[in-house]
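Enquirer: starting from these lines, generate the structure:
(chains A, B, C and D)
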There are 2 protein chains.
Amino acid sequence: MSTSRSKPKAGRTTRSADAGTVAATKPSKIAASRTVASKPLSGRAAKAAERRAAIVAAGLDEFVARGFAATRLDDVAKRAGVAKGTIYLYFTDKEALFQELVRYALVPLIERMSAPPAAGGSARAMLEGFAEGFVRDVVQTRRGDILRLIIAEGARFPSLSEFYYREVVARGMAGMRQLIEYGIARGEIHNPALLQFPQLLVAPAMVAVIWQGLFARLSPLDAMAMLQVHIDLIFGERRTA
Amino acid sequence: MSTSRSKPKAGRTTRSADAGTVAATKPSKIAASRTVASKPLSGRAAKAAERRAAIVAAGLDEFVARGFAATRLDDVAKRAGVAKGTIYLYFTDKEALFQELVRYALVPLIERMSAPPAAGGSARAMLEGFAEGFVRDVVQTRRGDILRLIIAEGARFPSLSEFYYREVVARGMAGMRQLIEYGIARGEIHNPALLQFPQLLVAPAMVAVIWQGLFARLSPLDAMAMLQVHIDLIFGERRTA
DNA sequence: TGATTATGACTGACTGGTCAGTCATACTTT
DNA sequence: AAAGTATGACTGACCAGTCAGTCATAATCA
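Expert: Model (predicted):
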């Protein structure tokens, strides 16, 4: 049982059937955007993509602010400048919107996690670069909200946490592991046991995200400074910061 | 309209004023000893406390499983073996139940955080003891669920995150800071910058809690082993595990 | 002590408002 | 005109919170 109400699912006409049935895997057929330019993008398709994007953006704001159960589709519609019925032209139901939206919002993070760690210099420099980017692009942005949203709702949407694990966590862990190996090979990292728990490299980053959401107003946190100290810890002593 | 309720007997009068944290105060003298063999028929106060506890326990289960908004008070009542109206004899409304319940559940954690770190040995031993206790009493228990609940709902209940910050986080940070100072004094910890970010000591513990809730089924985590590696990191250990 | 009355804890049917999802109608584009 | 798209009033389930009435228990009385 999901958190939403169960509906009787009365017989329905075949009309709006599969607006977004694919939810499970592909991002979507319509929204894909111009990249797969099979058509010259008639005004219609463009408008559809726009509408879809507006709904997603509005949904993101609302879901982040109120959580899944407390979000009203009426509000999403209003924020998107669209009638409620329109949402159902693009998404089969509230849950589909939610899941697709989170997955869509995760794409940049997935790309970041999949990108090669820009090898070359020291492992330390690589980790520092990663931390810097994370603070800049995640901790202090909407992306952080999404992470918090997943932490909050993930347990109630198994397929979502699975997706997140597969696409973000697993990749991130693999990347971190690589970095650790590299660091060990270069003699920068001395504890090979770290390889078993790459989570330890990113744990402070997670804490920074959570802190930002819960306690920032009570006690601001200089995330970058914290990560810097953490990195010092990983690589052993270093000059006074 | 019509029928059913006849008898315009305006009985009602006062209702239990507040139902605040007290509710069941002093049973005076009676109660306690009145216990009869198998039937726990003690005084009213005892029964009231029991009922209250049942509601709190039921609420904890439900809120943890579904989150605040999606939890139905009907379900809480059913689980507690009580009528819905009864809940309102003890708590003013859903939110009051939620907040009181979380605070109540936090008490053991608060005590743990306030307890003196059992000084004497090495800072490392102290941290190890802390980690062990945390894994045993939090990560793998209901208490972990509560932490996750706070992370999930905290942003929507400012007074709750404030309470949590004041009673748990602030104390925990103070304790960690003390421990770090002690470690520095003993020459076990070499990076004084840690004092500015005691969060770093507990970050992996937080990650363990979150992991347990979201990914345990996909990829089990040996929390204690992870914390051990983390501790090695803090204290600059480097011998091959 | 047993009988009678007072108390207030407890109940659950009910109300009023909310909201996900539908669909007849209207509007646009081709 | 046909096909596709958008609308928003509407429906029906749903649920927090209420309250008139019940009944176990305590308090008082005979």
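
Enquirer: end-to-end on stretch A:215-230?
Expert: End-to-end distance of stretch A:215-230 (C-alpha to C-alpha, to the nearest Å): 20 Å.

Enquirer: is chain B contacted by it?
Expert: Yes: applying C-beta under 8 Å from any C-beta of the partner chain, one finds stretch A:215-230 in contact with chain B at A:215, A:217-219, A:221, A:225-226, A:229-230. C-beta here means a position set from N, CA and C on the backbone, and glycine is covered the same way.

Enquirer: point out where chain A drops to low pLDDT.
Expert: A:1-44, A:117-119, A:237-241 (pLDDT under 70).

Enquirer: mind checking how far whichever residue of it sits closest to DNA strand D is from DNA strand C?
Expert: Closest contact between chain A and DNA strand D, by C-beta to the nearest atom of the strand, is at A:Gly85 (1.9 Å). Taking C-beta to the nearest atom of the strand, to the nearest Å as the measure, A:Gly85 falls 3 Å from DNA strand C.

Enquirer: assign a three-state SS to the residue nearest the centre of chain A, would you?
Expert: Geometric centre of chain A, nearest residue: A:Leu106, 3.1 Å, by C-alpha atoms, centre = their mean. Under the three-state scheme (DSSP: H, G, I helix; E, B strand; the rest coil), A:Leu106 adopts helix.

Enquirer: wait, isn't it in contact with A:Val169?
Expert: No: taking contacts as C-beta atoms under 8 Å, A:Leu106 lies outside contact range of A:Val169: 10.9 Å.

Enquirer: outline the domain layout of chain A.
Expert: Here the domain parsing of chain A from automatic domain parsing is A:21-97, A:115-234.

Enquirer: quick check: A:Arg217 vs B:Glu167, distance?
Expert: From A:Arg217 across to B:Glu167, the span is 17 Å (C-beta to C-beta, to the nearest Å).

Enquirer: the more surrounded of those two?
Expert: More neighbours surround B:Glu167 than the other of A:Arg217 and B:Glu167, with 17 against 12 (other C-beta atoms under 10 Å in any protein chain shown).

Enquirer: how about the nearest residue to that one, chain neighbours excluded?
Expert: Once flanking residues are discounted, B:Glu167 sits nearest to B:Ile110: 4.9 Å by C-beta to C-beta, 6 or more residues apart in numbering or on different chains.

Enquirer: just A:Arg66 next, same as before
Expert: B:Arg156 (7.1 Å).

Enquirer: how near is that neighbour to B:Phe68?
Expert: Distance check for B:Arg156 against B:Phe68: by C-beta to C-beta, it reads 7 Å.

Enquirer: okay, and the common contacts of these two?
Expert: A:67, A:70 (C-beta atoms under 8 Å, 6 or more residues apart in numbering or on different chains).

Enquirer: for A:Ala70, phi and psi?
Expert: phi -90, psi 0 (degrees, to the nearest 10).

Enquirer: same question for A:Asn191.
Expert: phi -110, psi 100.

Enquirer: after the longest helix along chain A, next one along is what?
Expert: Criterion DSSP state H: the longest helix present in chain A is helix A:43-66. The element immediately downstream of helix A:43-66 (helix or strand, assigned by DSSP states H and E) is helix A:73-80.

Enquirer: could you pull out the buried residues of that following helix?
Expert: For helix A:73-80, the neighbour count (16 or more other C-beta atoms under 10 Å in any protein chain shown) marks A:73, A:75-77, A:79-80 as buried.

Enquirer: I'd like these as TSV, with distance to DNA strand D appended.
Expert: Shown next, in TSV, are the buried residues of helix A:73-80 (distance: C-beta to the nearest atom of the strand, whole Å):
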residue	distance to DNA strand D
A:Leu73	10
A:Asp75	13
A:Val76	12
A:Ala77	8
A:Arg79	13
A:Ala80	9
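
Enquirer: what's the closest of those residues to A:Thr92?
Expert: Distance to A:Thr92, by C-beta to C-beta, is smallest for A:Leu73 among the buried residues of helix A:73-80, at 12.4 Å.

Enquirer: now that that closest one has come up, it's in contact with A:Gly85, right?
Expert: No: using C-beta under 8 Å, A:Leu73 is not in contact with A:Gly85; the gap is 10.0 Å.

Enquirer: circling back: show me what counts as buried in the helix or strand where the residue nearest to B:Glu167 lies.
Expert: B:Ile110 belongs to helix B:94-114 when assigned by DSSP H and E. By 16+ other C-beta under 10 Å, the buried positions in helix B:94-114 come out as B:94, B:96-106, B:109-110, B:112-113.

Enquirer: which one of those residues sits closest to B:Glu50?
Expert: Nearest to B:Glu50 among those: B:Tyr104, at 14.8 Å, using C-beta to C-beta.

Enquirer: spatially nearest residue to the closest one, not counting backbone neighbours?
Expert: In this structure, B:Tyr104 finds its nearest non-sequential neighbour in B:Val56, 6.1 Å apart by C-beta to C-beta, 6+ apart.

Enquirer: so what's that neighbour up against?
Expert: B:Val56 neighbours (C-beta under 8 Å, 6+ apart): B:97, B:100-101, B:104-105.

Enquirer: any chance of TSV for those, columns distance to B:Ser122?
Expert: Formatted as TSV, the contacts of B:Val56 follow (distance: C-beta to C-beta, whole Å):
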residue	distance to B:Ser122
B:Leu97	44
B:Glu100	40
B:Leu101	39
B:Tyr104	35
B:Ala105	33
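
Enquirer: doesn't B:Leu214 make contact with A:Glu162?
Expert: No: proximity of A:Glu162 to B:Leu214 does not meet the contact threshold set by C-beta under 8 Å, at 9.3 Å.

Enquirer: what's the helix or strand hosting A:Ala131 in contact with?
Expert: Using DSSP H and E, A:Ala131 sits in helix A:123-134. With C-beta under 8 Å, 6+ apart as the test, helix A:123-134 has contacts from A:112, A:117-119, A:179-180, A:182-183, A:186, A:188-189, A:201, A:205, A:224, A:227-228, A:230-231, A:234-235.

Enquirer: switch the cut-off to 6 Å
Expert: Residues outside helix A:123-134 that contact it (C-beta atoms under 6 Å, 6 or more residues apart in numbering or on different chains) are A:117, A:179, A:182-183, A:186, A:188, A:205, A:227, A:231, A:235.

Enquirer: of the residues you listed, which belong to helices?
Expert: If you go by DSSP H, the contacts of helix A:123-134 have A:179, A:182-183, A:205, A:227, A:231 in helices.
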